[in-house]
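In: I'll drop the sequence and a predicted model, then ask my questions.
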Amino acid sequence: MSDIWRRASNLLLIIFITAVLWMILDAVKALVFLSIVLLWMVFHHIRHLVALERWLQRSDHSLASIPAGSGAWDDVFAHLARYVRAHSQSQQLLSLALERMRNVTSAMPDGIVILDDDDRIEWCNPMAEKHLGINLALDGGQQITYLVRQMQFVEFLASRQYSNPLILRQTRQHDIIVSLHIIPYGFNQKLLISRDITRFEKIETMRRDFIANVSHELRTPLTVVAGFLETLSEDNQVNPDFNKRILVLMTEQTTRMQRLIEDLLVLSRLENAQEKIKEKTVNVASLLHDIFQDAQSLSAGRHHIKLNIATQEQLLGSKEELRSAFGNLVSNAIRYTPDHGEISINWEKHNGKGLFFVQDSGIGIEAEHIPRLTERFYRVDNSRSRETGGTGLGLAIVKHVLNRHQAKLEISSQVGKGSRFNIWFPTKRLIAPDT
Ligand code: ADP
């Protein structure tokens, strides 16, 4: 109400002046005055109305573009300026929130696709584009089943049974395995969430292979032992020689199982990343002397074994783990080198790095096998490995020990001529000999 009176006060003043002029002068002059003032007022409003209309028609409604006004219009344009300022602030906040949402969804490791009630792609994040081989700019609005065409997926989408995810092994462009979850929401709309599970699937396959391998490795000696036990229990005649032979063979098989279990335990300890390496100064020369002695008793005079220690440099690491790695390479050299062959165990220093290597004149390894030798249970010749007491885990253990010591394994070999296994230790692991 007060606004109306404030706005009307000018008009009341004009009417008052007109009345005074009427009384002092005459009616004609007073009415001329009134007409001029009213005309001026109408012109004033028309001018501002035109300015407002032009502003409303503009595409940019920035603060600076608001026209200047006078009189009552000054207030109107001031209100308009306040409204524009508040609007642009809320728009800025909205675009910031949108930008943040976009950044979050782009950084998400999962793919997200929003599907409408007709399974058309409304929106998706970059990860979903990667997982499903789609392109939002080109494929937006398309039915997802035109793009992800696998029957499995089409049936999954149509089934409306979304409690379990679908594992899709062959996606459109990439050789990846994805799991797809569908979450229905709103009015028949769906949220499709994709996750790259290639790594998990590989680990799962490795786990399955590992269990199958271990079971296979244990089954053979167990079958042999079970067979002998049956023979012994059925054999009524006491035949000491025969029984002795059987007991020797049973002991061999149990030793084989024991070796396997021991290697498995070593491997699982090494793989347990939580257990940190127990670092000590290891006197390599003395450790290699011990390993040399073991090698000689394992070879039992069948090979010419040499020990060459060219440096007294010591190593920072775990003595037990290093003994196991070096020992495995030396025992392999003995087991894969025919009688009278040459084997050398060496410790040297080159360009500040420590080099341990075992060279043999054994059967050698074909080049195609070399990259796979450190895989668990990978063997070039299964029967030779087993006959010589191999578990197929030796080089896998070596690889783990070396990883924990930041050392590198190099294998070079020639079939029929022999092999050389180098281990390079980084400079930071070398410790100058005690003086
Ligand atoms: P294994 O217990 O079978 O010896 P390893 O993991 O120690 O298992 O070795 C894997 C395979 O690598 C062996 O089965 C063998 O075929 C090959 N190999 C390892 N060392 C040698 C070597 N010095 N000469 C020839 N072949 C070797």
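Out: Okay, I see it.
In: the ligand contacts on the stretch 251-400 of the chain?
Out: 328, 332-333, 336, 360, 362-363, 365, 373, 378-381, 385, 390-396 (CB under 6 Å from any ligand atom). In this view, the C-beta of every residue, glycine as well, is placed from N, C-alpha and C.
In: show the buried residues in these.
Out: By neighbour count, with 16 or more other CB atoms under 10 Å, those hold 328, 332-333, 336, 360, 362-363, 365, 373, 378-380, 385, 390-396 as buried.
In: next one, pLDDT for the residue lying closest to residue 407 once chain neighbours are set aside please.
Out: Sequence neighbours aside, residue 425 is the residue nearest to residue 407 in space, at 4.8 Å (criterion: CB to CB, 6 or more residues apart in numbering). With respect to pLDDT, residue 425 scores 98.
In: roughly how far does residue 425 sit from the ligand?
Out: Distance, residue 425 to the ligand, using CB to the nearest ligand atom, to the nearest Å: 20 Å.
In: I'd say that residue and residue 351 touch.
Out: No: using CB atoms under 8 Å, residue 425 makes no contact with residue 351, being 11.9 Å away.
In: and those two? Which one has more around it.
Out: Between residue 425 and residue 351, counted using other CB atoms under 10 Å, residue 425 has the larger neighbour count: 23 against 7.
In: so who does residue 322 touch?
Out: Listed by CB atoms under 8 Å, 6 or more residues apart in numbering, the contact set of residue 322 reads 282, 284, 287, 315, 401, 405.
In: what strand or helix carries it?
Out: helix 319-335 (DSSP states H and E).
In: what's the mean pLDDT across that helix?
Out: The average pLDDT within helix 319-335 is 96.
In: and whichever residue of the stretch 101-250 of the chain sits closest to the ligand, how many neighbours?
Out: Of all residues in the stretch 101-250 of the chain, residue 217 sits closest to the ligand, at 10.4 Å by CB to the nearest ligand atom. By the criterion of other CB under 10 Å, residue 217 has 21 neighbours.
In: for the protein, what spans make up the helices?
Out: Remark: helices assigned in the chain by DSSP state H are 2-24, 27-57, 72-107, 126-132, 136-139, 144-147, 151-159, 198-234, 240-271, 284-299, 319-335, 382-387, 394-404.
In: with distance to residue 191 added, can I get those helices in CSV?
Out: Formatted as CSV, those follow (distance: least, CB to CB, whole Å):
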stretch, distance to residue 191
helix 2-24, 51
helix 27-57, 40
helix 72-107, 12
helix 126-132, 11
helix 136-139, 15
helix 144-147, 12
helix 151-159, 13
helix 198-234, 22
helix 240-271, 38
helix 284-299, 60
helix 319-335, 49
helix 382-387, 51
helix 394-404, 41
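In: out of these, nearest to residue 177?
Out: Closest approach to residue 177 among the helices of the chain (CB to CB): helix 198-234, 4.8 Å.
In: now that closest one and helix 240-271, what's the angle there?
Out: Counting by axes from the mean of the first three to the mean of the last three CA atoms, to 10 degrees, helix 198-234 lies at 160 degrees to helix 240-271.
In: in helix 198-234, which residues are buried?
Out: So helix 198-234, judged by 16+ other CB under 10 Å, has buried residues 201, 214, 217, 221, 224-225, 228.
In: average pLDDT across it?
Out: Predicted confidence along helix 198-234 averages 90 (mean pLDDT).
In: who are the packing partners of it?
Out: Applying 3 or more CB pairs under 8 Å, 6 or more residues apart in numbering; DSSP states H and E, we find helix 198-234 packed against helix 240-271.
In: thinking again about what came up before, got a list of what the residue nearest to residue 407 touches?
Out: With CB under 8 Å, 6+ apart, residue 425 has these contacts: 315, 353-356, 405-407.
In: make a markdown table from the residues you listed and add neighbour count and pLDDT to it.
Out: Compiled in a markdown table, these are given as follows (neighbours: other CB atoms under 10 Å; pLDDT from 0 to 100):
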| residue | neighbour count | pLDDT |
| --- | --- | --- |
| 315 | 23 | 97 |
| 353 | 17 | 96 |
| 354 | 22 | 97 |
| 355 | 19 | 97 |
| 356 | 22 | 98 |
| 405 | 21 | 94 |
| 406 | 12 | 95 |
| 407 | 24 | 97 |
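In: and those residues, which is closest to residue 419?
Out: Proximity of the contacts of residue 425 to residue 419 was ranked by CB to CB; the top entry is residue 356 with 14.6 Å.
In: does the closest one really touch residue 326, like I thought?
Out: Yes: the criterion here is CB under 8 Å, and residue 356 meets it with residue 326 at 6.3 Å.
In: mutual contacts of the two, please.
Out: Taking CB under 8 Å, 6+ apart as the contact rule, residue 356 and residue 326 both touch residue 423.
In: give me the helix or strand of the protein that scores worst on average pLDDT.
Out: Least confident helix or strand, the chain: helix 382-387 with a mean of 84, by mean pLDDT, DSSP states H and E.
In: list the buried residues for that helix?
Out: By neighbour count with 16+ other CB under 10 Å, helix 382-387 contains the buried residues 385-386.
In: got the CA coordinates for that helix in PDB?
Out: Coordinates of each C-alpha in helix 382-387 appear next as PDB, following Å, rounded to 0.1, in the frame of the first residue of the first chain:
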ATOM      1  CA  ASN A 382      57.700 -83.200 -17.200                       C
ATOM      2  CA  SER A 383      59.200 -86.700 -16.700                       C
ATOM      3  CA  ARG A 384      62.800 -85.400 -16.400                       C
ATOM      4  CA  SER A 385      61.800 -82.800 -13.900                       C
ATOM      5  CA  ARG A 386      59.900 -85.400 -11.800                       C
ATOM      6  CA  GLU A 387      62.600 -88.100 -12.100                       C
END
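In: report all helices and strands that it contacts.
Out: The criterion is 3+ CB pairs under 8 Å, 6+ apart, and there are no helices or strands that helix 382-387 contacts.
In: 10 Å instead?
Out: Helices and strands touching helix 382-387, as assessed by 3 or more CB pairs under 10 Å, 6 or more residues apart in numbering; DSSP states H and E, comprise helix 198-234, helix 319-335.
In: output those in JSON lines, with distance to residue 96 appended to each entry.
Out: Putting the helices and strands packed on helix 382-387 into JSON lines (distance: least, CB to CB, whole Å) gives the following:
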{"stretch": "helix 198-234", "distance to residue 96": "35"}
{"stretch": "helix 319-335", "distance to residue 96": "54"}
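In: among these, which is nearest residue 346?
Out: Closest to residue 346 of those is helix 319-335 (CB to CB; 10.7 Å).
In: how big is the angle separating that closest one from helix 394-404?
Out: On the basis of the same axes, to 10 degrees, helix 319-335 is oriented at 150 degrees to helix 394-404.
In: much appreciated, bye for now.
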